[in-house]
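1. predicted structure and sequence below. I'll ask about it afterward.
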Amino acid sequence: MLAKRIPTILPPMTFEESLETTRIHSVTGLLPSETGLITTRPFRAPHHTISDAGLVGGGPIPRPGEVSMAHNGVLFLDELPEFPRNVLEVLRQPLEDRKVTIARAQMTLTFPASFVLVAAMNPCPCGFANDFRRECFCTPPQIQRYMSKISGPLMDRIDIQVDVPAVPYKDLAGPRQSESSETIRHRVIAARNTQLRRFFDEHIYSNAQMGPRHIRKYCVLTPECEKIMENAVTKLGFSARGYDRILKRNRTRGCATVRVTIPQKPMPFGLPRKRNYTTKDVAKVLGIGADLLRWRIKTGKYPDAQRGSAGRRLFTIDDVVTLNALDSRRGQ
Ligand SMILES: [Zn+2]
């Protein structure tokens, strides 16, 4: 039920994403004739009887599979352990590379496959292992066999794993206090916009698509955070992939809410972080009165600044830095 709500909080597709997704759907011939461009993110939920070729693509003339049909959208696998292990294992390549390569004698084809994988599973075959009100009759070997359908490497590629306990009756029936999808979607869109701006000339759209090079560039840790991470990696035995995942996830959390783990550089002159500063703010930095600053700007005492930014009433942080440099040059 939770997974079915995911499309309602997905951000709208960018034009490039729409083109990519439409191209794949049109290759399979599944694009409805009246549809020009797919503008809503795909949500694909294949049944667990699907073959590996159906999932990643294949056939004598290779066709894109569900992972490519879900490109720029969501691939939902319900009852994950019910999928045959060989089918799940083929997911590893697209999850890692965000594309699928199908080799045939005559040709090798590559389809894009950048999707959000959402999977659901029970804690045991009967489903009551973590429910304190119902008794679970599964034997430990049964549970082990059930869990072992999902390999460690596949689990390692799933960024967020949440234990969802049964909902108590009073929460089911009581008045709903929960957030609406609309509100959450606004937050998602804001976070996505931040990421689009961040990766403007990187040819990727989101934090999830960051490669090791991007992670080194955009997820710089403070010395304290580095120490915490070093402790976590050595004591809890995280894999390199796990380490990258934590950085990416916290970068994303930073986009949606306050930045906790990865702070930005402090502002110069001990100024608060703002889009614009008033004449009063700038005057304080320069150590002069606001009226004197206004008069100096008006009478062209800051010739370089006069032409551009400082002619305005509000100043960006770059203006403040320029004005300060001009002022100290004047003082010499
Ligand atoms: Zn059970």
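-> Nice, thanks for sending it over.
2. which stretches of the chain aren't confidently modelled?
-> Applying pLDDT under 70 to the chain picks out residues 1, 174-177, 253-266, 303-313, 329-332.
3. show me the domain layout of it.
-> Domains of the chain are assigned by automatic domain parsing as 2-173, 179-259, 262-332.
4. enumerate the residues of the chain near the ion.
-> 124, 126, 129, 136, 138 (Cβ under 5 Å from the ion). C-beta here means a position set from N, CA and C on the backbone, and glycine is covered the same way.
5. so the third one sits in a strand?
-> No: following the definition DSSP: H, G, I helix; E, B strand; the rest coil, A129 is coil and is not counted among the residues of a strand.
6. quick check on it: phi, psi?
-> Backbone torsions for A129, taken as degrees, to the nearest 10, come to phi -60, psi -30.
7. count of residues packed around it?
-> Look at A129: counted by other Cβ atoms under 10 Å, it has 16 neighbours.
8. again with the fourth one
-> One way to gauge burial is a neighbour count; for C136, by other Cβ under 10 Å, it gives 16.
9. now do the first one
-> Each residue near C124 was counted by other Cβ under 10 Å, and the total is 20.
10. ditto for E79
-> 12.
11. what residues are up against it?
-> Taking Cβ atoms under 8 Å, 6 or more residues apart in numbering, we find E79 in contact with 48, 120-122.
12. if you set the cut-off to 6 Å instead, what comes out?
-> Neighbouring residues of E79 by Cβ atoms under 6 Å, 6 or more residues apart in numbering: H48.
13. next one: it from the ion, what distance?
-> 14 Å (Cβ to the ion, to the nearest Å).
14. got it, and K284?
-> For K284, the distance to the ion equals 67 Å [Cβ to the ion].
15. quick one, phi psi at that residue?
-> Backbone geometry at K284, expressed as degrees, to the nearest 10, gives phi -60, psi -40.
16. so how far is R251 from it?
-> To R251, K284 is 34 Å away according to Cβ to Cβ, to the nearest Å.
17. so which bits of stretch 150-162 are buried?
-> Across stretch 150-162, burial judged by 16 or more other Cβ atoms under 10 Å covers 150, 154, 156-157, 159.
18. show me where the stretch 101-250 of the chain has strands.
-> Ranges of strands within the stretch 101-250 of the chain are 108-112, 116-119, based on DSSP state E, counting those that start in this stretch.
19. let me have those strands in TSV, adding distance to R294 as columns.
-> Listed next are those as TSV, based on distance: least, Cβ to Cβ, whole Å:
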stretch	distance to R294
strand 108-112	56
strand 116-119	53
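20. ok now stretch 225-240, how far from the chain's centre?
-> Its chain's C-alpha centre lies 22 Å from the corresponding centre of stretch 225-240 when counted by Cα atoms, centre = their mean, to the nearest Å.
21. please disregard the earlier target; I meant stretch 85-94.
-> 22 Å.
22. one step back: list just the nearest of the residues of the chain next to the ion to E224.
-> Using Cβ to Cβ, A129 comes nearest to E224 of the residues of the chain next to the ion, at 38.7 Å.
23. right, and that closest one touches M121 too?
-> No: assessed by Cβ atoms under 6 Å, A129 is found out of contact with M121, at 11.3 Å.
24. re the thing from before, need the winner for burial among the strands of the stretch 101-250 of the chain.
-> Highest mean neighbour count among those (mean count of other Cβ atoms under 10 Å): strand 116-119, with a mean of 19.
25. can you report how many residues lie near D201?
-> The local packing of D201 (other Cβ under 10 Å) involves 4 other residues.
26. and it, how far from the ion?
-> Per Cβ to the ion, D201 is found 52 Å from the ion.
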